[in-house]
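>>> Quick one: sequence plus predicted model below, questions after.
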Amino acid sequence: MSSDQVMRDMMANLPVPEFESTPWASPPPLAEATVAIVTSAGLHRADQDRFDGRGDVSYRMLDRGDRELILGHWSSNFDRAAYVSDHNVVYPIDRLEELAAAGTIGAVAPRHVAFAGNQPDTVSEVRLDTGPAAAAELRADGVDVAILTPV
């Protein structure tokens, strides 16, 4: 059996959290919105702590101008070649800059968020602690919309 099939079988049986209600936000039109990236690629700068690879629920704030980022994603099923040739595969910051220049979005956020993708099955720490903390930092930066890039 291929490693891809093993991963698919494992993911098919993971429990999915259920919520009593679904929060709803009404952002401004995209042409007026400040947009941030939230990635699970485990990206970080060289001066930041690495993600530990054992269900690390922490996050790293990445500055808009950061381009020399280290990919900390651990999965053996992830081909790093695309990231090496173009970081926009997992962190589409240059595409956001282009969208802002064209007026499609209002602005690129001053900071973005990176989590590690290898989370505990319940992701409860991220749902209840580090996720809201990261969201509060983005809100403080005036972010209206987040693009999620799961890795």
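Everything's here; your move.
>>> Mind pulling up the pLDDT for Asp52?
According to the model's per-residue confidence, Asp52 sits at a pLDDT of 83.
>>> same deal with the one 10 residues further on?
Model confidence at Leu62, given as pLDDT, is 97.
>>> and it, what element?
Secondary structure here is read from DSSP states H and E; on that basis Leu62 sits in strand 59-63.
>>> And the next helix or strand past that strand?
Using DSSP H and E, the helix or strand that directly follows strand 59-63 along the chain is helix 81-85.
>>> which of the residues in that following helix are buried?
For helix 81-85, burial by neighbour count (16 or more other Cβ atoms under 10 Å) applies to Tyr83. (Each C-beta comes from the backbone N, C-alpha and C, glycine too.)
>>> Give me the contact list for that helix.
Around helix 81-85, the neighbours that count as contacts under Cβ atoms under 8 Å, 6 or more residues apart in numbering are Ala41, Leu71, Val89, Val90.
>>> And the helices in this protein?
Listed from the start of the chain, the chain has helices (DSSP state H) covering 3-12, 81-85, 93-101, 124-125, 131-140.
>>> What helices and strands are in contact with the shortest one?
Packed against helix 124-125, as judged by 3 or more Cβ pairs under 8 Å, 6 or more residues apart in numbering; DSSP states H and E, are no other helices or strands.
>>> Can you give me the neighbour number for the residue nearest to Arg95 when sequence neighbours are not counted?
Ranked by Cβ to Cβ, 6 or more residues apart in numbering and with sequence neighbours excluded, the top spatial neighbour of Arg95 is Asn88, at 5.6 Å. Burial of Asn88, expressed as a neighbour count using other Cβ atoms under 10 Å, amounts to 15.
>>> what does Pro15 give?
Other residues near Pro15 number 7, with proximity taken as other Cβ under 10 Å.
>>> Tell me the pLDDT of it.
75.
>>> Can you give me the distance of it to Thr130?
Shown here: Pro15 relative to Thr130, a distance of 20 Å by Cβ to Cβ, to the nearest Å.
>>> Centroid-nearest residue for the protein?
Among the residues of the chain, the smallest C-alpha distance to the mean C-alpha position (Cα atoms, centre = their mean) belongs to Thr39, namely 1.5 Å.
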